[in-house]
Structure formats: structure tokens, C-alpha cells
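Asker: quick one: sequence plus predicted model below, questions after.
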Amino acid sequence: MKKMAGTTMFILSLSAVLTPLSFPSAAAVALPLSTVSRWIIDGDGRRVKLACVNWVSHLEPVVAEGLSKRSMNDISHTILSLGFNCVRLTWPLFLATNDSLASLTVRQSFLRLGLEDSVAGIQANNPDIVDLPLIEAYRAVVSNLGVNNVMVILDNHISKPGWCCSSNDGNGFFGDTYFDPDLWLTGLTRMANLFNGVANVVGMSLRNELRGSSQNTNDWYKYMQKGAEAVHSANPDVLVILSGLSYDKDLSFLKNKPLSLSFSGKVVYEVHWYAFSDGSAWKNGNPNKVCGSVMNNMMRLSGYLLQQTPLFLSEYGLDQRGTNVNDNRYINCFMGTAAEFDLDWALWTLVGSYYLREGVAGFDETYGILNGDWSSARNPSILQKISALQLPFKGPGLSENRPHLVIFHPLTGLCVLRTSWAGELKLGSCMESDGWKYTPPKTLTVLGTYFCLQVDDLGKPVKLGIICTDLNSKWDAVSDSKMHLSSKTSSGKTVCLDVDSNNTVVTNACKCLNSDSNCDPASQWFKLVETTTTPKPSKSVNRMLQLPGHGKIQSLSW
Ligand SMILES: *[C@@H]1O[C@H](CO)[C@@H](O)[C@H](O)[C@H]1NC(C)=O
Ligand SMILES: *[C@@H]1O[C@H](CO)[C@@H](O)[C@H](O)[C@H]1NC(C)=O
């Protein structure tokens, strides 16, 4: 059992400005965090789902990005108001091991790089830090996130400050030019010590994206074990987060040989998953096939760990301009997967623009959720969509409800809802969804009722009926993606669940079931997601429906 002494109560306000629908106003998290089976839990044994955003602080200036554009407090507040509960805050190893770097002031650090404009911006927006040493400025950011109830994961992203990552940048694996294992252990120990007692620092990622020609599993076990022990002994409160090989895609080797550590209940593995992890496969292939094969691959390389260990998807993201076909196809497969497994995650990235990236001052970050001047969201609809993944669907201590299903629509981040007791079905917030069950012979029934989902006809809205034995009430998950819900009309035509332009749930001819690569099936992708959250509307309506002929049925309000 965890000891409760020293536990800090931490209030996470999850009210999101972009998502007015039913976020719980506040959830109390008792820090520090630990793990049980595949879950991250707090001191009360309740699941804490990490819904983080990556905030970059490892480039040449070694200052958290954006502080020349907006005040630290504004940025922290924005992170929370967008529904994130945590930041993965990157740091370069040399910040912790090179005292002449760590003691440069913010002003000096920018000036040595010729970034006078950034100095002026920091002076205007964050005058308190302009003459602080870099390490103190980093601490100030962590502390401000804490004041705003945002948890922090310290991520050792690279050794030598600069953009990461390539296979031959000298930062990829133990023994590379800038990656001395002993210096790394020293740096981890210093950071773990420095933030010992800082309650909102809940985890430390030992090293980002191990990679390159010298990577090997022997050294992985040897050094990751030492790194994990070093961090844990300097700061036993933090989760110790371990990256795999090949840019944090591959943790398959753990299947045969688990890591051996002197402690337990604190270890989390991390994995990264982008569209470009598979080159241009999404753009050039059939999205059903690509989603199926990428998913299988991920389960084999890392996803299998969820049988017994937390797996933190610590980087994923997409071009927020919405014009990158490869990314647009991938993200819907990602959404379905992240919902199904109810993953902990960190989106890449908060950053709207960098002070300096790869030699370009003011580099615009198209994967950033904020725009180039950090004043507003680059693409509110993407934020709205991923907000569906910010709250947990299930996990220890969250609810007494028995598990049931919601019918999740990855393209919109919404779920299939009843709009009246047996009327039209529409997409809406998953928090408002009925519970569903999927029972032999493949019937989808509204929990606590006799109503099952039925095909009316091609191009028509689906309906709810009570005679659930016909073919039009039988739903199969088809295609390699397993995300089409397919059924038949009464005349025997095969159809797939779909939505029309008004978000009404309909059935249409199934899309992209052949190998066509010019075709996007996403409007027809649905995922049955298990949850224990309270099925909201059904409570009152079910009570009525269990009493057939009850006179008050017309008076139900929605
Ligand atoms: C330490 O940092 C200073 C200031 O950036 C730099 O000039 C020096 O080369 C660094 N030393 C090492 C060993 O990296
Ligand atoms: C969507 O709703 C509008 C307004 O009610 C209606 O005119 C339109 O026909 C609907 N579109 C579809 C595809 O049903």
C-alpha cells in the first residue's frame, strides 16, 4: 500500500474553454502518482489519465519557448483551460551538467545567439526571468505550471541543446559523441534532486527517442536500469518513464526479458507514434489497410505492454493546418486506438513558433496547437476533437458503474447519442452518451432497454427497434481497420454506419473496402469503447422505458 503521509492534494480544474459540454469542474489528484497494473493512479488509488502537451525547452537558447510572446502565467493558464492536465517539459542534459551553461542568464543566452528580438519580447512579457540563470528560469516555468495546477514530466530530450532528432546527431544512444552515459546519470540525478519536493513534478522521462547505428539492447538494459535507479533514489516520488529503441517505437525486447529494478509501482514505458513514423504510407495506401497494419505493428512493438504496465504515448501530433493528407488519415486511426486503449498521452506540441530552430529565427511550428504569435489556437477544431481523449473512460477508483460501451466516432471525437427515447441518433459529446452493449448475435443494445440499433435503408437514418433478431440488427466490425460497423438492409444490401452533414447517424454504402488509396473512410470509422463513466441521459429515460405505457413518457425533457 502507498503511504499517505506527505501526499499533496492537487486540484485539477478541467473546465475547458473550447469544450463547454460537461467537463467535471474539478478533480482532486492526491500526489505523488504511482502505478498499478497498466494504470497510473494517485494517492487515493484513483486513476489519473495523463493528457499532456509537449512544451519545448531544449533548443539552443535553453528557455521554454513562447516566453517572448506571452507571460508564463498566461501560457500555463491556457494549457489548463484547453483541458490538458500536464506538460511534458523538455530539457537538454547539458543544462544539468554544464554549470557555465546553466548559469548564463536568459538575456545572455539569447544575445550569444544574436536573438535581440527575443530578449525584448521576454523583457516585455516576462521581465522577472530575463536576468535569471537558465536553470532558474526553467524552475520558474515548472513552478508556475504548479501554481496553475498543471502536472509536469521532465523529459531529457537531448544532450547538446538543439533540435532533435536524427540518427547521426551524436545524441542518439549511449556512447555517441554527446551522450556519455556517466554524465547522463549525473544529470538525471541532479534534476531529480533539484525537483525533489516539487509536488507537480510527477514524472521524469529518462531519455527521448533512443536511436542510431550504435543502439543495442544490451546497453539499453545496462544504462536504463542505472538511470531508473539513479532517478528513483534521488527522488522516489516521480514516475520513472522509459523510452524504447528506434525513435521510441520499439519496446518489443521487453517481452523476453523484463527490466530488473529494485523498486516497483513507479515505472512507465513511453512510445511515440506519428504519421511519418510510417513514411508516406497513409497518403499512398488504403487507410483501412494502413490502419490495420500500423496497429498490429504497434501492438507487437509496444502495445502489448498494456497487459501489465502503463504505456505513455508521449509524442503524437499532426500538421494543424489540416492540409497534410498523411497526417489527416493517421489521426483518425490514432483517435480510435487511443480511445479503445484509453491511453495516457502527450500531444506534440504546444509551441506555436520557436525562438530559433535549425538556424531559423521565429520558426513557425505547423504541429503547434498555438499560432505563430502564441495568441490563439492554430486550429480549434483539432483541439475540440482531441478533447474527447482528455478524460478517462475507465480505470481504478473512477466510478462504481459496470463497464459498458460507447460508440465512438474518431473523425469528430464524438459518440452516437439518442436524441429522444427511440428517435434519431446523432453524434454528440461522449460524456452524454447512453451505455451500449454488444451481445450475441452481434446486436448493439441501449443498456437497460430492449432497444437495438437497426438499419432502415441505404442513405437513411438508423433507428432503434425492439425486434433485434433480423439481419438489419446485426453489426460486424469489418475491414482491416476493424472500424466499419457493417450491417444489411432488409433487402440484403450491405451498408456501413456513417454520419451525414448534420451529424445524424445514417447507413451508406461502405467506403474504401477495396484497396483504393484515393479514398478516405473516416466518416464511417467507429470504435466500440469500453467505459465506466456514468451513462447520463439513460438514467431517467430507462426508468421510463422499463414501465411500458407509462403516461409521463411525453414529458421527458432533453
Ligand atoms: C558549457 O557551456 C558553455 C556555454 O554554452 C559552452 O561554451 C561550453 O562549450 C560547454 N561545455 C561543454 C563541455 O559542453
Ligand atoms: C441538415 O439540416 C438542415 C436543416 O434542418 C436540412 O435543411 C438539411 O436537409 C439537412 N441535411 C441532411 C443531409 O439531412
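Answerer: Yep, it's here. Ligands and ions are numbered 1, 2, ... in the order given.

Asker: tell me, please, where in the stretch 251-400 of the chain the pLDDT is lower than the cut-off.
Answerer: Counting by pLDDT under 70, the stretch 251-400 of the chain shows no low-confidence range.

Asker: around ligand 2, which positions in the protein sit nearby?
Answerer: Contact residues (CB under 6 Å from any ligand atom) of the chain with ligand 2: Asp500, Ser501, Asn502. (Glycine included, C-beta is placed from N, CA and C.)

Asker: those residues of the stretch 51-200 of the chain touching ligand 1, which are they?
Answerer: In this structure, the stretch 51-200 of the chain approaches ligand 1 at residues Phe94, Asn98, Ser100, Leu101, judged by CB under 6 Å from any ligand atom.

Asker: name the residues of this protein found near ligand 1, please.
Answerer: Within the chain, the positions adjacent to ligand 1 are Phe94, Asn98, Ser100, Leu101 by CB under 6 Å from any ligand atom.

Asker: find the nearest non-adjacent residue to Lys493, please.
Answerer: Leu458 (5.9 Å; CB to CB, 6 or more residues apart in numbering).

Asker: from what I see, the one you found and Val495 are in contact.
Answerer: Yes: the criterion here is CB atoms under 8 Å, and Leu458 meets it with Val495 at 5.7 Å.

Asker: any residues in contact with both of those two?
Answerer: Common neighbours of Leu458 and Val495 (criterion: CB atoms under 8 Å, 6 or more residues apart in numbering): Thr489, Thr507, Asn508, Ala509.

Asker: related to what we said a few turns ago, any of the residues of the chain next to ligand 1 buried? List them.
Answerer: Neighbour counting by 16 or more other CB atoms under 10 Å classes Phe94, Asn98, Leu101 among these as buried.

Asker: please, which helix or strand holds the last one?
Answerer: Counting by DSSP states H and E, the secondary-structure element that holds Leu101 is helix 99-102.

Asker: check the first one too.
Answerer: Here Phe94 is covered by helix 93-97, with elements defined by DSSP H and E.

Asker: show me the contact partners of that helix.
Answerer: For helix 93-97, contacts defined as CB under 8 Å, 6+ apart pick out 62, 101-102, 134-135, 138, 156, 158-161, 178-179, 183-184, 186-188, 190-191, 194.

Asker: circling back: and of the residues of the stretch 51-200 of the chain next to ligand 1, the nearest to Leu391?
Answerer: Leu391 has its nearest neighbour among these in Phe94, at 37.6 Å by CB to CB.

Asker: distance check, Glu65 against Val499.
Answerer: When distance is defined by CB to CB, to the nearest Å, Glu65 is 38 Å away from Val499.

Asker: looking at those two, which one has more neighbours?
Answerer: Shown here are Glu65 and Val499; by other CB atoms under 10 Å, Glu65 has more neighbours (28 against 22).

Asker: does that one sit in a helix, a strand or a coil?
Answerer: Three-state call for Glu65 (DSSP: H, G, I helix; E, B strand; the rest coil): coil.

Asker: could you check the pLDDT of the spatially closest residue to Ser293 that is not a sequence neighbour?
Answerer: Closest residue to Ser293 apart from its sequence neighbours, by CB to CB, 6+ apart: Asp480 at 7.0 Å. Turning to Asp480, the model gives it a pLDDT of 97.

Asker: cool, and Thr8?
Answerer: Reported pLDDT for Thr8: 47.

Asker: got it, and Gly423?
Answerer: With respect to pLDDT, Gly423 scores 80.

Asker: same check on Val63?
Answerer: 99.

Asker: and for Ala228?
Answerer: At Ala228, pLDDT is 98.

Asker: show me where the stretch 201-350 of the chain has its helices.
Answerer: 217-234, 245-248, 281-284, 287-301, 325-340 (DSSP state H, counting those that start in this stretch).

Asker: could I get the buried ones among the residues of the chain next to ligand 1 as TSV with pLDDT?
Answerer: Formatted as TSV, those follow (pLDDT from 0 to 100):
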residue	pLDDT
Phe94	98
Asn98	98
Leu101	98
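
Asker: I'd like the residues you listed as JSON lines, with distance to Asn216 appended.
Answerer: Formatted as JSON lines, the entries for these read as follows, by distance: CB to CB, whole Å:
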{"residue": "Phe94", "distance to Asn216": "24"}
{"residue": "Asn98", "distance to Asn216": "27"}
{"residue": "Leu101", "distance to Asn216": "30"}
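
Asker: quick one, what contacts the most centrally placed residue in the chain?
Answerer: When CA atoms, centre = their mean is applied to the chain, the residue found nearest the centroid is Trp345 (2.8 Å). Shown in contact with Trp345 (CB under 8 Å, 6+ apart): Leu50, Ala51, Cys52, Phe312, Leu313, Ser314, Tyr316, Ala338, Leu389.
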